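Chemist: Provide a 3D model corresponding to the input given below.
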Amino acid sequence: MTTLDRLLQSGRSPRVIGFDDAPFVRAPAAPVDVAGIVCTGTRMEGMVWGRATCDGDDATDTLVGLLRPSKFWDQVHLVLLDGIAIGGFNMVDLPDLAARLERPCVAVMRRQPDLEGFCRGLRSFEDSARRLRLLERAGPIHTVGAFIFQCMGASPAVVGRALPLLTDRGKVPEALRLAHLVGAAVVTGQSGRRA
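Modeler: Next up, the predicted model:
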């Protein structure tokens with residue numbers, strides 16, 4: 001597998017998968033559908049679909065279980081997440097995800113997060129210490145150009161070079177934008193307004 005840095009230096013478009021949760025019922029242990037959209041550059045080439053748990057502890061296992069056994073695993077250079085949690089406060093262990101998938105993993109944010117508010121939400125759980133550790137393990141939040149993200153498995157500079165190539169407009173890579181639209185359409189019958 002070509003490293004992301006080497007791929008960018010060669011001028012080729014990275015193939016990525018973007019994961020986002022679909023609309024879900026905010027109740028403990030409720031099922032949360034997760035869409036994974038595979039794109040080369042900004043062109044959609046495939047999709048995976050799975051399920052995690054609202055406010056659970058299975059986010060990392062769910063994402064590994066969706067990509068690793070799929071036909072896309074050998075082809076994907078970069079894994080994108082819409083933030084560091086899916087299904088409410090179901091935290092992704094970003095370094096563990098990068099290690100298990102053997103790919104750089106990037107949690108992309110639309111705006112600077114309210115970390116204080118997020119931590120307050122995490123403290124309401126019995127296992128708040130574990131969830132807070134996962135947030136810390138995700139590392140610092142970087143801003144490169146228009147993009148705000150946390151990353152593991154590649155330097156912020158390399159990720160900052162890749163993200164514009166994966167984005168049609170704005171600051172949301174197309175794989176994440178499509179995962180959001182598809183997830184909403186499958187669950188509610190129509191795509192949402194924010195993508």
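
Chemist: quick one, grab the pLDDT at the nearest residue to residue 128 once chain neighbours are set aside.
Modeler: Using CB to CB, 6 or more residues apart in numbering and skipping the chain neighbours, the partner closest in space to residue 128 is residue 122 (5.3 Å). Heads up, the C-betas are built off the backbone N, CA and C, glycines and all. With respect to pLDDT, residue 122 scores 90.

Chemist: buried residues in stretch 109-123, which are they?
Modeler: Buried residues in stretch 109-123, counting neighbours by 16 or more other CB atoms under 10 Å, are found at 109, 113, 118, 122.

Chemist: contacts only, for the residue nearest to residue 128.
Modeler: Going by CB atoms under 8 Å, 6 or more residues apart in numbering, residue 122 touches 89, 91, 128, 131-132, 135.

Chemist: where do the strands sit along this structure?
Modeler: 15-21, 31-40, 43-53, 78-82, 85-86, 90-91, 105-109, 142-144, 147-152 (DSSP state E).

Chemist: those strands: which one's closest to residue 192?
Modeler: strand 15-21 (10.5 Å; CB to CB).

Chemist: is it true that residue 66 touches residue 36?
Modeler: Yes - taking contacts as CB atoms under 8 Å, residue 66 lies within contact range of residue 36: 5.3 Å.

Chemist: joint contacts of these two?
Modeler: Shared contacts of residue 66 and residue 36, counting by CB under 8 Å, 6+ apart, come down to 19, 48-50.

Chemist: just to revisit the earlier point, export the strands of the chain to TSV and tack on distance to residue 9 and mean pLDDT?
Modeler: Compiled in TSV, the strands of the chain are given as follows (distance: least, CB to CB, whole Å; pLDDT from 0 to 100):
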stretch	distance to residue 9	mean pLDDT
strand 15-21	16	98
strand 31-40	17	98
strand 43-53	21	97
strand 78-82	15	98
strand 85-86	32	96
strand 90-91	33	96
strand 105-109	19	98
strand 142-144	17	97
strand 147-152	18	98
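
Chemist: of all residues in this structure, which one is nearest the centre?
Modeler: In the chain, the residue lying closest to the centroid (CA atoms, centre = their mean) is residue 81, at 0.7 Å.

Chemist: what is the neighbour count of residue 141?
Modeler: When neighbours are counted by other CB atoms under 10 Å, residue 141 registers 16.

Chemist: returning to what we had before: from the contacts of residue 122, which ones fall inside helices?
Modeler: 128, 131-132, 135 (DSSP state H).

Chemist: quick one: which of those residues is nearest residue 31?
Modeler: Among these, and counting by CB to CB, the member closest to residue 31 is residue 131, at 19.8 Å.
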